[in-house]
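Enquirer: from the sequence below, what's the structure:
(chains A and B)
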2 protein chains.
Amino acid sequence: MKLKPSPFAPAAFPTLPAVKGVLAATASRGFYARRGVERDDVFLFVLPDGTSTAGVFTRSHTASADVDWCRMALKAGKGKARALVVNAGNSNAFTGKAGVLKNDATLKAMVETLGVPREECFLAATGVIGEPLPDPNYVGQMLPDLSGRLAPPDWEACTRAFMTTDTFPKASGGSCEIDGVEVSVAGILKGSGMIMPNMATMLCYVFTDAALTPEVLDTLLRGSVDRSLNSVTVDGDTSTSDSCMLFATGGSGAPLIESADDPRLEAFRALIDETFRDLAHQLVKDGEGASKFVEIRIEGAVSEASAKTIGMHIANSPLIKTAMAAGDANWGRIVMAVGKSLEPISKDEMRIWFGDHLVAEGGMRSPGYDEARASAHFAGDHISVRVDVAAGDAAWTVWTCDLTHAYVDINGAYRT
Amino acid sequence: MKLKPSPFAPAAFPTLPAVKGVLAATASRGFYARRGVERDDVFLFVLPDGTSTAGVFTRSHTASADVDWCRMALKAGKGKARALVVNAGNSNAFTGKAGVLKNDATLKAMVETLGVPREECFLAATGVIGEPLPDPNYVGQMLPDLSGRLAPPDWEACTRAFMTTDTFPKASGGSCEIDGVEVSVAGILKGSGMIMPNMATMLCYVFTDAALTPEVLDTLLRGSVDRSLNSVTVDGDTSTSDSCMLFATGGSGAPLIESADDPRLEAFRALIDETFRDLAHQLVKDGEGASKFVEIRIEGAVSEASAKTIGMHIANSPLIKTAMAAGDANWGRIVMAVGKSLEPISKDEMRIWFGDHLVAEGGMRSPGYDEARASAHFAGDHISVRVDVAAGDAAWTVWTCDLTHAYVDINGAYRT
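Expert: Numbers count the residues shown, from 1 in each chain, chains lettered A, B, ... in the order given. Reported below is the predicted structural model:
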């Protein structure tokens, strides 16, 4: 089926800075050609010796063979990275021994062609789950061609090469200084929920030419991802292949940072945070069938974890998401979702705002409730829900999209 | 909006037995008249002195004032019950002090009109959440009229009086013997998910003329509900008002049963189980927009709780429910949902069946997989998914419906 572009698709691909040391190439393995689409579907990134990396992966107990490999390599290689190969079109998840053979063949080709250590090579795949792989070397055989065409990344070409059912390519980045030396950050992301049958997965790769140890990278990555990719939801479903990695080449010439508490990191940390937040928001804005971008802020919770749990109960409620799709300012459903979270709250002291309008307080509808004002806010394409649950001092923000007819259409389509 | 009847609506209301000792009356308070619908929207049940009861209620932290009262009364009255008043049209949830005043006024009228102890009176309400109550005595003032018309229950009239957006009245029951004496069971239920904006709530009341202590009733109720009402889901959302109560009048003349392990209970326990299971299945079959009835059985789990968690992850996945609506036998999504449950499983040994057809085994698609056979099963209106997660010996079954366009339409409709 032909997907309608998200109403939030930007007019042009964002301008990303050059990241010193990073080389890339894209090519077509033909995964989409058999569906009548001409496009690249594989990319290779090659990184200079000494590049640090950190990664977070799906917690799923049915994780793909690629995720299993990356987790292992991250440990075995002690956070060093030299190459990354990703393909779209087949997720290599639930493919049994064939999936492991495919990884072995791809890694063998990477080692032989690029002359890099096996445990510094990373893999990902996205597409149909459980689809048999006809040829275990289907990606590995492309390595000689790809490595012969390496060049500073064409970020848009790379981003387009790992899209599955994304309706626009998603990227973000910028520059700042570390100890007076300019450093750059460029990140690319694919995913829009599990938008097409078996076309799952969020993949996100962020590159910088700052010089950071794997430990510092890991701290930065986990801190940023908690408040960005781990705080968005489209449908509450978790892919078998979700992967997010951060790479630091050191190519900027900035001094090596060996502690996440180093004050010289302040601007850089903010840039990393902003890059991940921007990518996470783009993910939600390209969520399956999304017509509205929704921010849900929970305040007054007993802990950040509790605030996030409450926020996710609101963000994942089909009743709330369908009401938002219709622009129905149905605050009773927010009460329902807060209640079913089973988190500590004060029912009689909690307050709910839609935008700046206080809709509920004192265990009931606010005396100042104005249906027209609440509805006007819900009629827009950016909805803000704020809840003070009056049980503590912690806050968290999550983001989601609405649940529309397009979601049902897209996800009911046959696996063709 | 006018709701299309569920394709599973039965041709006629089921025949229920008389339950000795139970009296009832229904009336219209006009909650629906202002929407142009002529119907009853309040019922009163009156039970003989000595009637035992047990109840389970929503775990929501934003439970309605009625639920708060019932929980309190069950304790204070030591499991005795004399009367039950329920209204449809306003849920009395998140109505602040007005909600408590309404309950006080209703209870006062019940005590004065019926001459029964206050803590043996039970209440429930279903409808719009957070809608202000114009008159605290809006139900209490009906008691004199209702009590003047008490008679053996017209079960269909009672069931229709507490429907909100149910598309058919749901009831079940039957008879069996305890120690050679015939006893009867009749149960009524309303709910179809939170099908209309703010029209929430599952309410279920089962009456028997067996003689059972409150402790025995409580054990029977919890055992049956775990495997019935607590094992179905429509959208994963939990109402502020869910209530389920079991009443035993003793009117049959059967001997008083004082232990849940009493062997004379065997047939009765089976009848109670079957009544709750039938009511739970009717609930799912009238789920919002349901076009398919789905049974999900998890085997080989490390515990029954683990099996249920895995089953509910499958049953609540929007990706799976939309695929089912379209008849797409998308087994990769079952793998995804099993994985995201985070429960113990053996990825390489788990097996998945659609109906009798084995679709996945050995960590991959089954060699005997037949797309036509899998699709044929998904094309029907009864879908059976069975997963052996190969981690232990425990099993559990849950039931759900599909997620269709009608769900989006129904739940996006304005609160009118």
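Enquirer: ok, stretch A:221-234 near chain B or not?
Expert: No - using CB under 8 Å from any CB of the partner chain as the criterion, no contacts between stretch A:221-234 and chain B are found, and the smallest distance is 9.0 Å. Where you see a C-beta, it was placed from the backbone N, CA and C, and this is true even at glycine.
Enquirer: tell me where the stretch 101-250 of chain A has strands.
Expert: For the stretch 101-250 of chain A, strands defined by DSSP state E, counting those that start in this stretch occupy the ranges A:121-128, A:170-178, A:181-190, A:203-208, A:243-248.
Enquirer: tabulate the ones you listed in a markdown table, adding columns for mean pLDDT, mean neighbour count and distance to residue B:274.
Expert: A markdown table is the format used below for the strands of the stretch 101-250 of chain A (pLDDT from 0 to 100; neighbours: other CB atoms under 10 Å in any protein chain shown; distance: least, CB to CB, whole Å):
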| stretch | mean pLDDT | mean neighbour count | distance to residue B:274 |
| --- | --- | --- | --- |
| strand A:121-128 | 91 | 27 | 42 |
| strand A:170-178 | 96 | 21 | 53 |
| strand A:181-190 | 96 | 23 | 50 |
| strand A:203-208 | 96 | 28 | 49 |
| strand A:243-248 | 95 | 27 | 48 |
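Enquirer: quick one, what contacts the residue of the stretch 151-300 of chain A found nearest chain B?
Expert: As assessed by CB to the nearest CB, chain B sits closest to residue A:238 within the stretch 151-300 of chain A, at 3.8 Å. In this structure, residue A:238 makes contact with A:58, A:59, A:60, B:336, B:339, B:340, judged by CB atoms under 8 Å, 6 or more residues apart in numbering or on different chains.
Enquirer: how close does it get to residue B:173?
Expert: Spatial separation of residue A:238 from residue B:173 under the definition CB to CB, to the nearest Å is 42 Å.
Enquirer: run through the bridge partners of residue A:365.
Expert: Residue A:365 forms beta bridges with residue A:360, as assigned by DSSP bridges.
Enquirer: does it really touch residue B:130, like I thought?
Expert: Yes - contact criterion CB atoms under 8 Å: residue A:365 and residue B:130 qualify, at 5.1 Å.
Enquirer: the two - which one has more neighbours?
Expert: Here residue A:365 and residue B:130 are compared on neighbour count by other CB atoms under 10 Å in any protein chain shown; more neighbours surround residue B:130, at 30 against 21.
Enquirer: from what I can see residue A:166 touches residue A:192, true?
Expert: Yes - with contact defined as CB under 8 Å, residue A:166 and residue A:192 form a contacting pair (5.2 Å).
Enquirer: next, show the common contact partners of the two.
Expert: Common contacts of residue A:166 and residue A:192, defined by CB under 8 Å, 6+ apart, comprise residue A:286.
Enquirer: and residue A:10, how many neighbours does it have?
Expert: Residue A:10 sits with 13 neighbouring residues when counted by other CB under 10 Å.
Enquirer: whoops, residue A:4 was the one
Expert: Using other CB under 10 Å as the criterion, residue A:4 is surrounded by 12 other residues.
Enquirer: could you pull out the helices for the stretch 201-350 of chain A?
Expert: Secondary structure of the stretch 201-350 of chain A (DSSP state H, counting those that start in this stretch): helices at A:214-226, A:266-285, A:304-315, A:318-325, A:331-340.
Enquirer: does chain B have contacts with the shortest one?
Expert: Yes - Helix A:318-325 comes into contact with chain B when judged by CB under 8 Å from any CB, the residues involved being A:318, A:319, A:322, A:323, A:325.
Enquirer: need the pLDDT of the third one.
Expert: As summarised for this prediction, residue A:322 has a pLDDT of 88.
Enquirer: likewise the last one?
Expert: Here the pLDDT value assigned to residue A:325 is 91.
Enquirer: what's the burial count for the nearest residue to it once chain neighbours are set aside?
Expert: Nearest residue to residue A:325 in three dimensions, chain neighbours excluded: residue A:402, at 4.1 Å (CB to CB, 6 or more residues apart in numbering or on different chains). The number of residues packed near residue A:402 is 26, by other CB under 10 Å.
Enquirer: residues in contact with residue A:402?
Expert: Taking CB under 8 Å, 6+ apart as the contact definition, residue A:402 lies against A:290, A:291, A:292, A:294, A:321, A:322, A:324, A:325, A:383.
Enquirer: how about the first one: what's its closest non-neighbour residue?
Expert: Once flanking residues are discounted, residue A:290 sits nearest to residue A:401: 3.5 Å by CB to CB, 6+ apart.
Enquirer: and that neighbour, how many neighbours does it have?
Expert: As a burial measure, the neighbour count of residue A:401 was computed by other CB under 10 Å and equals 31.
Enquirer: pretty sure it contacts residue A:283?
Expert: No - at 9.4 Å, residue A:401 does not count as touching residue A:283 under the criterion of CB under 8 Å.
Enquirer: I'd say residue A:65 and residue A:95 touch.
Expert: Yes - Residue A:65 is within contact range of residue A:95, at 6.8 Å (criterion: CB under 8 Å).
Enquirer: shared neighbours of those two, anything?
Expert: Both residue A:65 and residue A:95 are in contact with residue A:102, where contact means CB under 8 Å, 6+ apart.
Enquirer: now do the same contact list for the spatially closest residue to residue A:30 that is not a sequence neighbour.
Expert: Closest residue to residue A:30 apart from its sequence neighbours, by CB to CB, 6+ apart: residue A:41 at 7.5 Å. Taking CB under 8 Å, 6+ apart as the definition of contact, the neighbours of residue A:41 are A:28, A:29, A:30, A:31, A:32, A:87, A:88, A:89, A:161, A:162.
Enquirer: could you do residue A:206 as well?
Expert: Contacts of residue A:206 were listed using CB under 8 Å, 6+ apart, and they are A:173, A:185-188, A:244-247, A:272, A:275-276, A:279.
Enquirer: now residue A:230
Expert: Residue A:230 makes contact with no residue, according to CB under 8 Å, 6+ apart.
Enquirer: ok, now how distant is it from residue A:266?
Expert: Between residue A:230 and residue A:266 the distance, using CB to CB, works out to 23 Å.
Enquirer: buried set for stretch A:23-36?
Expert: Neighbour counts using 16 or more other CB atoms under 10 Å in any protein chain shown place A:23, A:24, A:25, A:26, A:27, A:28, A:29, A:31, A:32 of stretch A:23-36 among the buried residues.
Enquirer: tell me which entries of those lie within helices.
Expert: For the buried residues of stretch A:23-36, membership in helices holds for none, with DSSP state H as the criterion.
Enquirer: quick check, nearest of those residues to chain B?
Expert: For those, the closest approach to chain B (CB to the nearest CB) belongs to residue A:31, at 16.1 Å.
Enquirer: in terms of pLDDT, where does that closest one sit?
Expert: In this model, residue A:31 is scored at 86, pLDDT.
Enquirer: how many residues are close by the closest residue to it other than its chain neighbours?
Expert: By the measure of CB to CB, 6+ apart, the closest residue to residue A:31 outside its immediate chain neighbours is residue A:89, 2.5 Å from it. Burial measure for residue A:89: 24 neighbouring residues, criterion other CB under 10 Å.
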